[in-house]
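# Quick one: sequence plus predicted model below, questions after.
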Amino acid sequence: MRPFDDTPLARDGKVLILAYDHGLEHGPVDFEEVPESANPERVFEVATHDAVTTLAVQKGVAEAYYPSYEDDVDLLAKLNGTSNLWMGEPDSAVNCSVEYAAEELGADAVGFTLYGGSNNEIEMAEEFREAQETAREYDLPVVMWSYPRGQGLKNDKKPDTIAYAARQAHELGADVAKVKYPGSREAMEQAVRMAGRTKVVMSGGSKTSDRDFLESVKAVIDAGGAGLAVGRNVFQRENPTRILDALEKVIYEESSVDTALAAAGE
């Protein structure tokens, strides 16, 4: 297995995944604020920004659009995902194999959601095991969307829960753990510590103001986190390039939020 820093997921040891699997996970509602964001071509164009290390999409979007962008964008194929129409205990259907991602889509990395705490956790962990071991055969880095969720969890953003999610990703062999922001730098430090050599990135979450968003990203970087996997806080903006300019400052140059906002022209 090659060193993580040599994979397309990393730039100078940091990570910025542009996630665009929302059309499946949330449905058209996520495109209402910026209707043109429903067009995958727009987001593939956004992903050519130097700050973005990989673009995460589902199989169908990759098949339809990635051939036109494979020289300019590194692809993270999301292997599982479920629509928001599903109302049962958290679960996620496996929609793509690692073999198909590597051989047919030309993916540079793969991603997998695991809902720790769900009544379906055992089956999902076994599916992740198969995906992770196959990804090793293809030398593809693996990102786990590590989201504790289910009827037994009262608060999926508690620091202890987020730290457990980071540890679970580490124990199961993920190269990167994508976790919710636990609310403070100190709590993120605990998550990073529990993740061992697995890189920890923050899930971008719902759209917030530029400053609030960048402050949370800054806290993640200061806590030793590797970066960010973000969707709505980029593609739901009228000018995604401007927030990516700011994120490039915060993540790769470890600049202050004020410096990043100034660089972005705010």
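Yes, it's here. Numbers count the residues shown, from 1 in each chain.
# Quickly list what the residue nearest in space to the middle of the chain is bridged to.
Central residue of the chain (Cα atoms, centre = their mean): residue 229, 3.3 Å from the mean position. Beta-bridge partners for residue 229, by DSSP bridges, are residue 17, residue 203.
# Give me the distance between it and residue 251.
12 Å (Cβ to Cβ, to the nearest Å). Placement of C-beta: from N, CA and C, glycine included.
# intersection of neighbour lists for these two?
Common neighbours of residue 229 and residue 251, counting by Cβ atoms under 8 Å, 6 or more residues apart in numbering, are residue 16.
# list the contacts for residue 217?
Counting by Cβ under 8 Å, 6+ apart, residue 217 touches 202, 227, 228, 247, 250, 251.
# Try it again at 10 Å.
16, 181, 201-202, 204, 225, 227-228, 230, 233, 246-247, 250-251, 257, 260 (Cβ atoms under 10 Å, 6 or more residues apart in numbering).
# From these, pick the one nearest residue 56.
Checking the contacts of residue 217 against residue 56 with Cβ to Cβ, the nearest one is residue 230 at 10.0 Å.
# roughly how far apart are the nearest residue to that closest one once chain neighbours are set aside and residue 181?
Nearest non-adjacent residue to residue 230, counting by Cβ to Cβ, 6 or more residues apart in numbering: residue 204, 3.0 Å away. As judged by Cβ to Cβ, residue 204 and residue 181 stand 9 Å apart.
# Neighbour count: those two, which is higher?
More neighbours sit around residue 204 than around the other of residue 204 and residue 181, counting by other Cβ atoms under 10 Å; the figures are 25 against 20.
# Can you list phi and psi of the nearest residue to residue 219 once chain neighbours are set aside for me?
Nearest non-adjacent residue to residue 219, counting by Cβ to Cβ, 6+ apart: residue 185, 4.2 Å away. Torsion angles at residue 185 (phi, psi; degrees, to the nearest 10) stand at phi -60, psi -40.
# pretty sure residue 185 is touching residue 225, no?
Yes - here residue 185 lies in contact with residue 225, judged by Cβ atoms under 10 Å, at a distance of 9.5 Å.
# Now do the shared contacts for these two.
residue 219.
# give me every residue that touches the residue nearest to residue 219.
216, 218, 219, 220, 221, 222, 223, 224, 225.
# Please read off the pLDDT at the first one from the model.
So that's residue 216. According to the prediction, residue 216 has pLDDT 94.
# ok now whichever strand or helix holds it, how far from the chain's centre?
Residue 216 belongs to helix 210-222 when assigned by DSSP states H and E. Centroid separation for helix 210-222 versus its chain: 16 Å, with Cα atoms, centre = their mean, to the nearest Å.
# Just the buried ones from the contacts of residue 185, in PyMOL syntax?
Listed next is the PyMOL selection for buried residues among the contacts of residue 185, using 16 or more other Cβ atoms under 10 Å:
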select buried, resi 216+218+219+220+221+223+225
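# could I get the contacts of residue 185 as JSON lines with distance to residue 146?
Shown next, in JSON lines, are these (distance: Cβ to Cβ, whole Å):
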{"residue": "216", "distance to residue 146": "18"}
{"residue": "218", "distance to residue 146": "22"}
{"residue": "219", "distance to residue 146": "19"}
{"residue": "220", "distance to residue 146": "15"}
{"residue": "221", "distance to residue 146": "19"}
{"residue": "222", "distance to residue 146": "21"}
{"residue": "223", "distance to residue 146": "16"}
{"residue": "224", "distance to residue 146": "17"}
{"residue": "225", "distance to residue 146": "13"}
